[in-house]
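Colleague: Okay, sequence plus prediction incoming.
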Amino acid sequence: MKIALLQVGKTSEKYLSEGINIYAGRLERYLPFEIVTVPEIKNSRNMPAGEQKEKEGEGIFRLLKEEDYVVVLDEKGKEFSTAEFSSWLGRSLMIQKKRIVFITGGPWGLSSQLLSRSDLSLSLSRMTFSHQIVRLLFLEQLYRALTILKGEPYHHE
């Protein structure tokens with residue numbers, strides 16, 4: 001089973017990029033993992049938020065395959081504790097799909113098309129985080145979940 005993180009736009013802050021790279025490297029020790037970046041929409045400064053979300057969604061949608069298990073990261077999604085997320089991940093790694101794809105949107109969130117296509121909508125918190133910080137927070141939680149599944153001492157309860 002492969003895991004991918006689809007994100008809109010490059011991570012602009014160096015400290016976030018460094019953290020993301022650290023956790024991406026750690027994840028690759030457990031399973032095939034990749035980060036796929038969809039280019040930001042050009043000339044979007046004066047574009048309405050809804051139109052920007054739909055255009056970003058079209059770019060993401062083109063990268064999805066029919067056999068993907070799609071999880072969108074959305075503030076209105078299901079909340080898990082870390083242990084619950086690890087348990088869910090363990091079960092999900094056994095499904096008959098080739099890839100679990102986690103999707104983070106741009107600054108305005110995700111398109112209705114992507115929300116409809118998702119198999120699960122997942123919230124990291126009821127709080128709002130920037131779309132770039134969410135990348136690092138999510139990768140740390142994904143790594144933590146895998147260490148729990150492997151019985152490694154990273155997570156403390």
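Modeller: All right, it came through fine. All of these numbers come straight from a predicted model, not from anything done at the bench. Numbering: from 1, shown residues only.

Colleague: Only C-alpha atoms from now on, for both contacts and neighbour counts.
Modeller: Noted.

Colleague: Helices along this structure, start to end?
Modeller: Using DSSP state H, the helices of the chain run over 14-27, 49-61, 82-92, 112-117, 131-149.

Colleague: and the last one, how far out from the chain's middle?
Modeller: Here the centre of helix 131-149 is set off from its chain's centre by 9 Å, with CA atoms, centre = their mean, to the nearest Å.

Colleague: For it, buried residues please.
Modeller: 131-132, 134-148 (16 or more other CA atoms under 10 Å).

Colleague: now the helices of the chain in a markdown table, with distance to P39 and mean pLDDT?
Modeller: Shown next, in a markdown table, are the helices of the chain (distance: least, CA to CA, whole Å; pLDDT from 0 to 100):
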| stretch | distance to P39 | mean pLDDT |
| --- | --- | --- |
| helix 14-27 | 16 | 97 |
| helix 49-61 | 8 | 90 |
| helix 82-92 | 28 | 96 |
| helix 112-117 | 16 | 93 |
| helix 131-149 | 14 | 96 |
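
Colleague: Which one of those lies nearest to V38?
Modeller: helix 49-61 (6.4 Å; CA to CA).

Colleague: Can I get the closest one in CSV, CA atoms only?
Modeller: Extracted in CSV, the C-alpha atoms of helix 49-61 (Å, rounded to 0.1, in the frame of the first residue of the first chain):
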residue,chain,number,x,y,z
ALA,A,49,-12.7,32.1,-3.3
GLY,A,50,-15.2,29.6,-4.6
GLU,A,51,-13.8,29.8,-8.1
GLN,A,52,-10.3,29.3,-6.8
LYS,A,53,-11.3,26.2,-4.8
GLU,A,54,-13.0,24.7,-7.9
LYS,A,55,-10.0,25.3,-10.1
GLU,A,56,-7.6,23.9,-7.5
GLY,A,57,-9.9,20.9,-7.1
GLU,A,58,-9.8,20.3,-10.9
GLY,A,59,-6.0,20.1,-10.7
ILE,A,60,-6.1,17.7,-7.8
PHE,A,61,-8.9,15.6,-9.3
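
Colleague: Now do the buried residues in that helix.
Modeller: 52-57, 59-60.

Colleague: Repeat that for stretch 91-99.
Modeller: Result for stretch 91-99 [16+ other CA under 10 Å]: buried residues 98-99.
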